[in-house]
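Chemist: pasted the sequence and its predicted model underneath.
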There are 2 protein chains.
Amino acid sequence: MKNPATLPRRHLLTGSAAALSALGLAAWTRGAHAQTEPAAAAKPLPAYAGWKNPGSLIVHSSSTLETRRGAFGTGVVTPSSQLYIRNNLPAPDAAIVADRDAWSVSIEGVKAPRALTLAELRTLGIETVTTVLQCSGNGRGFFPSKPSGTPWTVGAAGCVVWSGVPLRNVVAALGGLAGGAAYLTGTGGEKLPEGVDPLTVVVERSVPIKALDDAILAWEMNGEPMPLAHGGPLRLIVPGYQGVNNIKYVKRVVFGAEQSQARIMSHGYRMSPPGTKAGPDQPSVWEMTTKSWINGPLPEQGTLKAGLVQVHGVAFGGTRGIKGVDVSVDGGKTWQAAQLIGPDLGRFAWRQFVLPVRLAAGSHALLSRATDTAGNVQPEQREENLGGYNNTSWRDHGVTVVVA
Amino acid sequence: MKNPATLPRRHLLTGSAAALSALGLAAWTRGAHAQTEPAAAAKPLPAYAGWKNPGSLIVHSSSTLETRRGAFGTGVVTPSSQLYIRNNLPAPDAAIVADRDAWSVSIEGVKAPRALTLAELRTLGIETVTTVLQCSGNGRGFFPSKPSGTPWTVGAAGCVVWSGVPLRNVVAALGGLAGGAAYLTGTGGEKLPEGVDPLTVVVERSVPIKALDDAILAWEMNGEPMPLAHGGPLRLIVPGYQGVNNIKYVKRVVFGAEQSQARIMSHGYRMSPPGTKAGPDQPSVWEMTTKSWINGPLPEQGTLKAGLVQVHGVAFGGTRGIKGVDVSVDGGKTWQAAQLIGPDLGRFAWRQFVLPVRLAAGSHALLSRATDTAGNVQPEQREENLGGYNNTSWRDHGVTVVVA
């Protein structure tokens, strides 16, 4: 794929770590931008996300906000006010949400390619889908290797209701696929910095064409017009896929034979084993793997009294949905089947689980282990990789509580 | 049932319209408090609900906020920031949500009656349930008889995710029902005004004991600690029942043979035919009847272009869930089956529906008609009653749009 058509094709510097850092940009290539995280300084919310609930969020940087584990509660849908943010580029100017219906997205690789405004998209169909939205670096903070990037624990994730038009309706309205499409590529509409090669910074991601079955162009998030901070006025939602594939401010969708050559696709977000360099031959972070964690009780929720305790958390299985969750209260020696509770919002959403247990005085290591409907079991060990992606280790996600 | 145990039993004035009005209280007896609604004055949000989104709400009074029809969107769960409010008494002081776990509720009519704190309730179980929350006066604004009370059109309703402990778990933990219970009665913890008989003002409602199967004591709403404005720290949720039965700031739950003698139960919220006076022999507003309405396109959403249009809305069936929805674009002459879309959040939630239609230039009367899983069909005509309750007329809920 060539440079995004909307960008002037210029010979530009390849962004160095320093250049990117000076521009306020996070980088997606290991080592390009060694982030240092002050341990406990409570930073204020950035202006574009100033409407969020500061008490429920950890502000890592202006482009990385994490939901506190204790804020998840048991309500299944993550409120927008508590939802994490991870932006690869600064959010565009708020002017783009002043006239939402005027936003347009170019659709290419169909028989009758053209740009469609949001007003036109609204006439083509409506679907509502609930998905886990998760940064592929969620759980990076548990890697002893301390990969560069935000050290998320569990809070770079949420369960979100999206509403918009099925992308397949849009394809059908434009005559169907032109043919030969192996990938669906979305391009974000962020303003690109001057002085760097656009391919090194543009947020452009490709996913396998099968994702077209479920993808939507969404203009609502959790029942409200898509917030600017989350990609409004229009975001490409690829249910079951890691967060980065869900392109904010989507300006262009291409169906084609090749993956994007943008650096965020070719070298970023690859599962690179230790001792390698990230590159196109390694697996990209696409469908989410199966995972769960405990959201209560937590040590920070105060002293537990001996007796009945409700161990609860969330579990999700990418595109596959959850079959069940086992919980251990003895550090993984024995396991019991938890109950799945609450509404089932579909195979892309997370399920809540709960196990009532009686805990005696002392310290208890609580763990959860999910199984998806395809039979995949959440593993004990993380898969080591340079970027610290895709940590699904049940061992890493446990919590230890003390009962008085 | 006697006066709430927490209230001093005093001989007090029965509240007159003027006395109630002076206290800032809405009244639930027809004629007791003739509300006048300024047509278009945009009132500010009251302080206790100042965190809501003013653009999505109509402020009828400090205790009656309505969601704008155009704000519902298609996201299935109504965001808290847009959810309606109808308070029968002013919200208590915010001090009650400063230490949520200290809130206590007295459980009576069980074998081992006692008060339980919210901290204790949290150990007894967790359930998450999605329900339509609707004021029984929703749709009152369509009654040509102009009953007293807020002239809600469609926005005194929302679809809300609640999380808390099943009330049946609490009963089981207290030894089970004492026996002879025909009703489940909840009492609100609002501060009662001086100078009026508590029974004339206390928010105390009884529902048939069968509601115990589904009722929860909820401490979360839409994934956040229950807001004060919506009954936090603890609210009794009776899935499928009209809003008034979902007691805010619940202080007391009684299982007994008789209904509450509070006026809001004995004379308020009764389906009183024209020419009668409201009283205990008339049906109370309990389970919601089956209803739907269209949320788009709406005249206020701007000019429609001829061609494809997505007619969408919501439908719910009280405790029974929705089987299907028919849509008419010719004022009820012909009907087509709409598609149900989005996740099915269970039989107490609403479903979204959509029908793609091609509309030519001109005026079009759009209507929707729901059928629940028990076969009940939303009626054409409202049931006339003094209070303007329970308007489910499909004729009343239609919208007319003009295509250019």
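Modeler: Alright, I've got the coordinates.
Chemist: contacts and neighbour counts: CA atoms only from here.
Modeler: OK.
Chemist: so residue A:190, which of the three states?
Modeler: Assigned with DSSP: H, G, I helix; E, B strand; the rest coil, residue A:190 falls in the coil class.
Chemist: what about residue A:301, neighbour count?
Modeler: Residue neighbour count, defined by other Cα atoms under 10 Å in any protein chain shown, stands at 10 for residue A:301.
Chemist: hmm, I was thinking of residue A:330
Modeler: 14.
Chemist: so it lies in a helix, does it not?
Modeler: No: assessed with three-state DSSP, residue A:330 is coil; it does not lie in a helix.
Chemist: separation between the spatially closest residue to it that is not a sequence neighbour and residue A:291?
Modeler: Leaving out its chain neighbours, the residue that sits closest to residue A:330 by Cα to Cα, 6 or more residues apart in numbering or on different chains is residue A:365, at 5.5 Å. Relative to residue A:291, residue A:365 is positioned 18 Å away (criterion: Cα to Cα, to the nearest Å).
Chemist: looking at the two, which is more packed in?
Modeler: Comparing residue A:365 with residue A:291 by neighbour count (other Cα under 10 Å), the higher total belongs to residue A:291, at 28 against 15.
Chemist: tell me which helix or strand of chain A sits lowest on mean pLDDT?
Modeler: helix A:17-22 (a mean of 37; mean pLDDT, DSSP states H and E).
Chemist: near chain B, which residues of the stretch 1-150 of chain A are found?
Modeler: A:71-79, A:122-130 (Cα under 8 Å from any Cα of the partner chain).
Chemist: that older thread, quick one: contacts for the residue nearest to residue A:330?
Modeler: Residues in contact with residue A:365 (Cα atoms under 8 Å, 6 or more residues apart in numbering or on different chains) are A:328, A:329, A:330, A:331, A:398, A:399, A:400, A:401.
Chemist: tell me the bridge partners for the last one.
Modeler: Each beta-bridge partner of residue A:401 is listed here, defined by DSSP bridges: residue A:364.
Chemist: now do the first one
Modeler: In this structure, residue A:328 has the following beta-bridge partners (DSSP bridges): residue A:367.
Chemist: surely it touches residue A:335?
Modeler: Yes: between residue A:328 and residue A:335 there is a contact under Cα atoms under 8 Å: 4.5 Å.
Chemist: count of residues packed around residue A:307?
Modeler: 12.
Chemist: scratch that, residue A:210 is what I was asking about
Modeler: For residue A:210, the neighbour count with other Cα under 10 Å is 12.
Chemist: wasn't it part of a strand?
Modeler: No: counting by three-state DSSP, one finds residue A:210 to be helix, located in no strand.
Chemist: where along the stretch 101-250 of chain A do the strands fall?
Modeler: With DSSP state E, counting those that start in this stretch as the criterion, the stretch 101-250 of chain A has strands at A:104-108, A:114-117, A:127-134, A:157-166, A:183-188, A:204-208, A:216-221, A:224-225, A:235-237, A:250-256.
Chemist: mind putting those into TSV with mean pLDDT and mean neighbour count?
Modeler: Listed next are those as TSV, based on pLDDT from 0 to 100; neighbours: other Cα atoms under 10 Å in any protein chain shown:
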stretch	mean pLDDT	mean neighbour count
strand A:104-108	98	21
strand A:114-117	98	16
strand A:127-134	98	26
strand A:157-166	98	26
strand A:183-188	98	25
strand A:204-208	98	25
strand A:216-221	98	28
strand A:224-225	97	22
strand A:235-237	99	28
strand A:250-256	98	24
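Chemist: contacts only, for the closest residue to residue A:221 other than its chain neighbours.
Modeler: Nearest residue to residue A:221, sequence neighbours excluded (Cα to Cα, 6+ apart): residue A:162, at 4.7 Å. Contact analysis of residue A:162 by Cα under 8 Å, 6+ apart lists A:128, A:129, A:130, A:131, A:218, A:219, A:220, A:221, A:222, A:223, A:237, B:75.
Chemist: and the fifth one, how close does it get to residue A:232?
Modeler: Residue A:218 sits 9 Å away from residue A:232, going by Cα to Cα.
Chemist: next, show the common contact partners of these two.
Modeler: Joint contacts of residue A:218 and residue A:232 (Cα under 8 Å, 6+ apart) are residue A:226.
Chemist: thinking again about what came up before, neighbour count winner among residue A:328 and residue A:335?
Modeler: Comparing residue A:328 with residue A:335 by other Cα under 10 Å, the one with more neighbours is residue A:328, at 21 against 16.
Chemist: pLDDT below threshold where in chain A?
Modeler: Applying pLDDT under 70 to chain A flags residues A:1-41.
Chemist: so which residues of it form helices?
Modeler: Using DSSP state H, the helices assigned to chain A run over residues A:17-22, A:118-121, A:167-173, A:198-201, A:263-266.
Chemist: residue of the stretch 251-400 of chain A with the smallest distance to chain B?
Modeler: In the stretch 251-400 of chain A, the residue that lies nearest chain B is residue A:342 (4.4 Å; Cα to the nearest Cα).
Chemist: rewinding a little: using JSON lines, please lay out the helices of chain A together with mean neighbour count.
Modeler: Output for these, formatted as JSON lines (neighbours: other Cα atoms under 10 Å in any protein chain shown):
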{"stretch": "helix A:17-22", "mean neighbour count": "15"}
{"stretch": "helix A:118-121", "mean neighbour count": "18"}
{"stretch": "helix A:167-173", "mean neighbour count": "19"}
{"stretch": "helix A:198-201", "mean neighbour count": "24"}
{"stretch": "helix A:263-266", "mean neighbour count": "24"}
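Chemist: next, format the ones you listed as a markdown table and append distance to residue A:85.
Modeler: Output for these, formatted as a markdown table (distance: least, Cα to Cα, whole Å):
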| stretch | distance to residue A:85 |
| --- | --- |
| helix A:17-22 | 18 |
| helix A:118-121 | 24 |
| helix A:167-173 | 24 |
| helix A:198-201 | 18 |
| helix A:263-266 | 17 |
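Chemist: out of those, which is closest to residue A:316?
Modeler: helix A:167-173 (23.6 Å; Cα to Cα).
Chemist: need the contact list for residue A:397.
Modeler: A:139, A:154, A:292, A:293, A:294, A:367, A:368.
Chemist: in TSV: the residues you listed, plus neighbour count.
Modeler: Putting those into TSV (neighbours: other Cα under 10 Å) gives the following:
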residue	neighbour count
A:139	25
A:154	26
A:292	29
A:293	29
A:294	27
A:367	25
A:368	32
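Chemist: closest to residue B:262 among the residues you listed?
Modeler: For those, the nearest to residue B:262 is residue A:294 (43.5 Å; Cα to Cα).
Chemist: please name the bridge partners of the closest one.
Modeler: Residues in beta-bridge contact with residue A:294 (DSSP bridges): residue A:313.
Chemist: for the one 10 residues further on, same thing?
Modeler: Following DSSP bridges, residue A:304 is listed with bridge partners residue A:403.
Chemist: wait, isn't it in contact with residue A:400?
Modeler: No: with contacts counted by Cα under 8 Å, residue A:304 stays clear of residue A:400, the gap being 11.6 Å.
Chemist: who has more neighbours out of the two?
Modeler: Using other Cα under 10 Å, the more surrounded residue of residue A:304 and residue A:400 is residue A:304, with 19 against 16.
Chemist: which residue packs closest to residue A:375, ignoring adjacent ones?
Modeler: residue A:323 (7.9 Å).
Chemist: distance of that neighbour relative to residue A:339?
Modeler: 11 Å.
Chemist: touching, residue A:335 and residue A:327? I think so.
Modeler: Yes: counting by Cα under 8 Å, residue A:327 is a contact partner of residue A:335 at 5.3 Å.
Chemist: residue ranges of each domain in chain A, please.
Modeler: Annotated domains of chain A cover A:47-267, A:291-403 [the TED database].
Chemist: can I get these in JSON lines including distance to residue B:373?
Modeler: Supplementary listing: the domains of chain A in JSON lines, determined by distance: least, Cα to Cα, whole Å:
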{"stretch": "domain A:47-267", "distance to residue B:373": "22"}
{"stretch": "domain A:291-403", "distance to residue B:373": "18"}
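Chemist: which one of these lies nearest to residue B:347?
Modeler: domain A:291-403 (10.1 Å).
Chemist: gap between the closest one and the chain center?
Modeler: Domain A:291-403 has its C-alpha centroid displaced from the chain centroid by 19 Å (Cα atoms, centre = their mean, to the nearest Å).
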